[in-house]
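Enquirer: Below is the structure, and that's it, no one-letter string:
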């Protein structure tokens, strides 16, 4: 009964924090010029406090390994859950490249839209030029950009190949790309992280969020790479980043994914 009560309190806290910060951000956007230092400061304040507050509410402890990049930067990371956005936003000034489904999510969708998240229609290749233009614009404005190049979230048994399409701006400009490996852990007496934290496959959002809210606490580990990677070919860049992230990735689970995803190993990726 206590776990259910705590989950309800957490849900209300998530909603209240999100609404308050979203309201402040909307008011600030209406007053402050788009490219002003004050607006950028407010955006950083909103996102970091939103991520940090939600992490506390969810009982998430974030452990950072390595040194996070300073904006402007282009950062790629593996993708395990919608929780990844909270994990990174809690300590890093950035904007995200996210699938357009998130824009319609209650609360989070409104805040993400207001905070200049770059939404992409992953099923429409014709949307890529628009997204590349917005990535370049964010970098030119001194903002960090975070991309999850696997294209989908996983249960954390492996890292899927990185799609090179959205790495085109970095490859064309010779821009250094930073990288990070994300992993989650739950205590022994709680459901495993691959089921309670990672959001993958055909999981529905609402039931998964309820399961996450019932977990007493969990740990997020973000391991940043030492050096950013350069390459003038986007496919070479994608493979180099995949290898580097893979070397630092601590699997959330060693259970295999359904189908053939488990067959994706270093040799198979190099042949692509």
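Expert: Alright, I've got the coordinates. No experiment lies behind these values; they were computed from the predicted model shown.
Enquirer: next SSE after the strand ranked longest in the chain?
Expert: For the chain, the strand that runs over the most residues, judged by DSSP state E, is strand 177-185. Where DSSP states H and E defines the elements, the next helix or strand beyond strand 177-185 is helix 193-196.
Enquirer: now for that following helix, which elements pack on it?
Expert: For helix 193-196, the elements it packs on are helix 205-214, judged by 3 or more Cβ pairs under 8 Å, 6 or more residues apart in numbering; DSSP states H and E. Quick note: C-beta positions are derived from backbone N, CA and C, even for glycine.
Enquirer: what distance separates the helix it packs on from the centre of its chain?
Expert: Offset of helix 205-214 from its chain centre (Cα atoms, centre = their mean, to the nearest Å): 18 Å.
Enquirer: Need the residues that contact it.
Expert: Applying Cβ atoms under 8 Å, 6 or more residues apart in numbering, the external contacts of helix 205-214 come out as 3-4, 6-7, 10-11, 58, 82-83, 105, 191, 195-197, 199.
Enquirer: now this protein, which segments are flagged as low pLDDT?
Expert: Regions of the chain meeting the criterion pLDDT under 70 cover residues 101-115, 122, 254-272.
Enquirer: so which helix or strand takes in residue 88?
Expert: For residue 88, the element it lies in under DSSP H and E is helix 83-89.
Enquirer: same for that helix, what does it pack against?
Expert: When contacts are defined as 3+ Cβ pairs under 8 Å, 6+ apart, helix 83-89 sits against helix 37-58, strand 60-65, strand 95-99, strand 177-185, strand 218-224.
Enquirer: try it again with 7 Å
Expert: On a contact count with 3 or more Cβ pairs under 7 Å, 6 or more residues apart in numbering; DSSP states H and E, helix 83-89 meets helix 37-58.
Enquirer: Now find how far off-centre the helix it packs on is within its chain.
Expert: The answer for helix 37-58 is 15 Å, by Cα atoms, centre = their mean.
Enquirer: can you give me the angle that helix makes with strand 95-99?
Expert: 60 degrees (axes from the mean of the first three to the mean of the last three Cα atoms, to 10 degrees).
Enquirer: contact partners of helix 37-58?
Expert: Outside helix 37-58, the residues that touch it by Cβ atoms under 7 Å, 6 or more residues apart in numbering are 10, 13-14, 17-18, 21, 24-25, 28, 32-33, 62, 86, 89-90, 93, 111, 115, 212.
Enquirer: any idea which of the contacts of helix 205-214 has the most stuff around it?
Expert: residue 197 (31 neighbours; other Cβ atoms under 10 Å).
Enquirer: which non-adjacent residue is nearest it?
Expert: residue 184 (4.3 Å; Cβ to Cβ, 6 or more residues apart in numbering).
Enquirer: where's residue 49 relative to residue 89, distance?
Expert: 9 Å (Cβ to Cβ, to the nearest Å).
Enquirer: Between the two, tell me which one has more neighbours.
Expert: Using other Cβ under 10 Å, the more surrounded residue of residue 49 and residue 89 is residue 89, with 25 against 16.
Enquirer: how many neighbours does residue 164 have?
Expert: By other Cβ under 10 Å, neighbour count at residue 164 equals 20.
Enquirer: Contact partners for it?
Expert: 234, 235, 237, 238.
Enquirer: Buried residues, stretch 176-196. List them.
Expert: The neighbour-count check on stretch 176-196 (16 or more other Cβ atoms under 10 Å) flags 177-186, 190, 192-196 as buried.
Enquirer: and the two most separated of those residues?
Expert: 177 and 190 (34.8 Å; Cβ to Cβ).
Enquirer: that older thread, can you flag which of the contacts of helix 37-58 belong to helices?
Expert: Among the contacts of helix 37-58, the members found in helices (DSSP state H) are 10, 13-14, 17-18, 21, 24-25, 28, 86, 89, 111, 212.
Enquirer: wait, what's in contact with residue 141?
Expert: Residue 141 neighbours (Cβ under 7 Å, 6+ apart): residue 35.
Enquirer: One more pass at 10 Å, please.
Expert: 34, 35, 40, 71, 72, 95, 116 (Cβ atoms under 10 Å, 6 or more residues apart in numbering).
Enquirer: Distance to residue 165 and neighbour count for these - can I get that in CSV?
Expert: Formatted as CSV, those follow (distance: Cβ to Cβ, whole Å; neighbours: other Cβ atoms under 10 Å):
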residue, distance to residue 165, neighbour count
34, 27, 9
35, 28, 9
40, 28, 17
71, 23, 19
72, 21, 16
95, 18, 23
116, 21, 17
